[in-house]
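Chemist: Sequence and computational prediction follow.
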Amino acid sequence: MKKQKGNYKMGRHWQDYLWLWPVIYFSLGFFNILFAWLGIIDFLVPLIFAIARGNKNFCSTYCGRGRLFTFLGKDRGFSAGRLAPAWLHARWFRYGFMVFFLFMFGSLLFQTYLVASGAGTLEEIVRLLWSVRVPWDWSYPAGVAPDWAVQFSFGFYSLMLTSALIGLFVMSLYKPRTWCTFCPMGTMTQGICQLKAR
C-alpha cells in the first residue's frame, strides 16, 4: 500500500494500547490492595532500560501513564494544550521533586518496616497527596498476606495514585504529557543515561 501525502495515517501499534495498564492497575488495586505490588514494574522497567540500554525509550514509547495522558489529553481533548511554566521543567524543580518523591518512598518503606517488626500496626488507608487519609478497608480480605506486605500495598498504591492525580491535573492545565517533564522516574533515568554517556 502506498503512502498518500497529506492524509496517510500510520496503523496502530501495540504500544498505543498501553494506556490500559494504569487503568487496569488502579482498578485491581481498588478492589484488592495487594495488586498494588504490580506497580513495582513501573519502577524497575524504566531503570532496566536506562541501565542496560542507556536511553529513555521506556519513557517515550512504553510508559503506560504517559500513554494514558496522551490518550485523555490529546486523543480525547481533556488537555488545555498550553505550554507549562518554565519552572515545571527547570532542573532545580525536577531534581527537587525527585528527592521529595524518594523521601516519601523511604517513608513508605520505614512504615512497612515498623509493621514487619511489630512496632507499628497496619493502617488500611490510602493517603492522597501524602496527607489526605482516605479509609480503604474494603480492599483487603484479612489474613490473606502478612501485615507488612499489606502495609506496603496501601502505601505504594497511595504513592501511585497521588502521582497519577498530579499528572492528570497538569495534563488538564497544560500539554498532555506535562507530568513527564518532572516525573521522578524520568528524572532518575535521565541521570543514569547521562552518567552512562560520559
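Modeler: It's in.

Chemist: From here on, just use CA atoms for contacts and neighbour counts.
Modeler: Noted.

Chemist: Now do the same contact list for L173.
Modeler: L173 makes contacts with 79-82, as judged by C-alpha atoms under 8 Å, 6 or more residues apart in numbering.

Chemist: hmm, try it at 6 Å
Modeler: L173 sits next to A80 when contact means C-alpha atoms under 6 Å, 6 or more residues apart in numbering.

Chemist: Name the SS class of G143, please.
Modeler: Under the three-state scheme (DSSP: H, G, I helix; E, B strand; the rest coil), G143 adopts coil.

Chemist: Would you list the phi and psi of it?
Modeler: phi 80, psi 0 (degrees, to the nearest 10).

Chemist: Tell me how many other residues surround it.
Modeler: 8 (other C-alpha atoms under 10 Å).

Chemist: next one: R53
Modeler: 12.

Chemist: Can you show me the helices along this structure?
Modeler: With DSSP state H as the criterion, the chain has helices at 20-31, 40-53, 57, 64-70, 91-117, 147-173, 184-197.

Chemist: Mind putting the ones you listed into CSV with mean pLDDT?
Modeler: Below are the helices of the chain laid out as CSV (pLDDT from 0 to 100):
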stretch, mean pLDDT
helix 20-31, 97
helix 40-53, 93
helix 57, 89
helix 64-70, 96
helix 91-117, 96
helix 147-173, 97
helix 184-197, 92
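
Chemist: closest one to V126 among these?
Modeler: helix 147-173 (5.1 Å; C-alpha to C-alpha).

Chemist: Look at the residue lying closest to R127 once chain neighbours are set aside and report its pLDDT.
Modeler: Excluding its sequence neighbours, the residue lying closest to R127 (C-alpha to C-alpha, 6 or more residues apart in numbering) is R133, at 4.6 Å. Note on R133: pLDDT of 92.

Chemist: measure R133 to T162 for me?
Modeler: In this view, R133 and T162 are 12 Å apart by C-alpha to C-alpha, to the nearest Å.

Chemist: more crowded one of those two?
Modeler: T162 (17 against 13).

Chemist: Please report how far that one lies from A119.
Modeler: 27 Å.

Chemist: distance of the residue nearest the centre of the chain from V99?
Modeler: Geometric centre of the chain, nearest residue: M160, 5.3 Å, by C-alpha atoms, centre = their mean. Distance of M160 to V99, given as C-alpha to C-alpha: 16 Å.

Chemist: repeat for Y62
Modeler: 24 Å.

Chemist: and what of Q15?
Modeler: 30 Å.

Chemist: number of nearby residues for A50?
Modeler: The burial count for A50: 23, using other C-alpha under 10 Å.

Chemist: Next: the one 5 residues further on.
Modeler: For N55, the number of neighbouring residues by other C-alpha under 10 Å comes to 21.

Chemist: what's the nearest residue to it if we skip its chain neighbours?
Modeler: C193 (5.8 Å).

Chemist: Enumerate every residue touching that neighbour.
Modeler: Taking C-alpha under 6 Å, 6+ apart as the test, what C193 contacts is 50, 54-55.
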